[in-house]
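S.K.: give me the fold of what follows.
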Amino acid sequence: MSLSWKLALVICLCVTSAIDVHRAIGQTPAKSNPRQPFFNTETKQRGYAPVNGLQLYYEVHGAEHDGIPLVLIHGGGSTIESNWSRMIPLLAKSRKVIAFEEQGHGHTKSIDRPFTFENSASDLAALLDVLNVETADVLGFSNGGNIALQFGRLHPTKVNRLVVISAMYRRDGMIAGFWNMFTNPDISMMPEALKAADRKINPDPQHLQQLFEQDSTRMASFKDWPDEYITGIKAPTLVVVGDQDVVLPEHALRMSRLLPAGRLLVVPGKHGDFLGDVLSDRLDSQVPTAIATMIEDFLDR
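M.R.: Down below sits the predicted model:
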């Protein structure tokens, strides 16, 4: 199997390979390690919410802010820390940020029910009820972007604005050869950094295998969503994609045009590297700061 095909499968789980992740823009020398822990016990709440049979793990950052909160939805195979360690400190400066780990990920144990984007969207709706949040902005990356789209479609009264990053709604929205890699997915293709992130929370090796299998199955069984799913989302939505993403920029453009209040942001970069997640190889990049600023500008309009 070629490296590019391996990379395509891994990225579908939002586990971008650490190989060949050059950055082309926005590099400045680092003054400190931006991946130091962002947890602040004075401004952060963490806990488990009983929703839909799950004990759903969540965190709240920037609790001193009283405006509309922003919910972050991680990608497949990830945790809050591995996906959002750069973005939370940036976004929580000006707003309350809520992040959760979906079924079988991180601190949230799996249960015996179908693992679908729709079910995860329902979990988010129930979490907001538990937290007494009537309306929220929602930002999802990759598989989390698919959840954000379903949340906007199925729970419109709970959505203020959406940010959908590197997500698709049709199979032809992915790079050529992407879907061929689901014939025999193997956990050996999962980057060590994401394996380590899961083991940090769940030392049982069976947990990692279960996580990989449930995420692979969800993507392998994905069927095209009708255009009506997208045209039915009324909330203002910012669609974000990398110009060298596994999601085609042309697909992101199509989605932004179908959305009744859609906007498009194309970023120089590969899948997720512009967010500064645990697989980014440039800790000194200022691109995540720029992206956070543009996201905040959209949310504040």
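S.K.: separation between the residue nearest to K96 when sequence neighbours are not counted and L253?
M.R.: Distance criterion Cβ to Cβ, 6 or more residues apart in numbering; nearest residue to K96, sequence neighbours excluded, is P69 at 4.1 Å. Using the backbone N, CA and C atoms, a C-beta is placed for each residue, glycine as well. With distances taken as Cβ to Cβ, to the nearest Å, P69 is found 29 Å from L253.
S.K.: same question, T135
M.R.: 28 Å.
S.K.: that older thread, just give me the neighbour total for the residue nearest to K96.
M.R.: Neighbour count of P69, defined by other Cβ atoms under 10 Å: 22.
S.K.: contacting residues for D215?
M.R.: The contact partners of D215, taken as Cβ atoms under 8 Å, 6 or more residues apart in numbering, are 13, 76-77, 115, 143.
S.K.: right, and S120 touches H105 too?
M.R.: No - S120 is beyond contact range of H105, at 9.7 Å (criterion: Cβ atoms under 8 Å).
S.K.: show me which of those two is the more surrounded one.
M.R.: More crowded of S120 and H105, by other Cβ under 10 Å: H105, with 30 against 27.
S.K.: quick one: classify that one as helix, strand or coil.
M.R.: The three-state assignment at H105 reads coil, by DSSP: H, G, I helix; E, B strand; the rest coil.
S.K.: what residues are up against V267?
M.R.: Shown in contact with V267 (Cβ under 8 Å, 6+ apart): 240-243, 274, 287, 291.
S.K.: mind listing which of those are in strands?
M.R.: Counted as lying in strands by DSSP state E, out of those, are 240-242.
S.K.: now, which of those residues sits nearest R95?
M.R.: V240 (17.8 Å; Cβ to Cβ).
S.K.: contacts only, for that closest one.
M.R.: By Cβ under 8 Å, 6+ apart, V240 lies in contact with 163-166, 252, 264-267, 291, 295.
S.K.: which of those has the most neighbours?
M.R.: For the contacts of V240, neighbours were counted using other Cβ under 10 Å, and V164 has the most, 32 neighbours in all.
S.K.: beyond whichever strand or helix holds that one, next helix or strand please.
M.R.: Here V164 sits within strand 159-165, counting by DSSP states H and E. Once strand 159-165 ends, the next helix or strand along the chain (criterion: DSSP H and E) is helix 192-201.
S.K.: the following helix or strand past that next one: which residues count as buried?
M.R.: Next helix or strand after helix 192-201 toward the C-terminus (DSSP H and E): helix 205-220. Across helix 205-220, burial judged by 16 or more other Cβ atoms under 10 Å covers 207-208, 211-212, 214-216, 218-219.
S.K.: cool, stretch 291-301 as well?
M.R.: Buried residues in stretch 291-301, defined by neighbour count with 16+ other Cβ under 10 Å: 291-292, 295-296, 298-299.
S.K.: and that stretch, how far from the chain's centre?
M.R.: How far stretch 291-301 lies from its chain's middle: 17 Å, per Cα atoms, centre = their mean, to the nearest Å.
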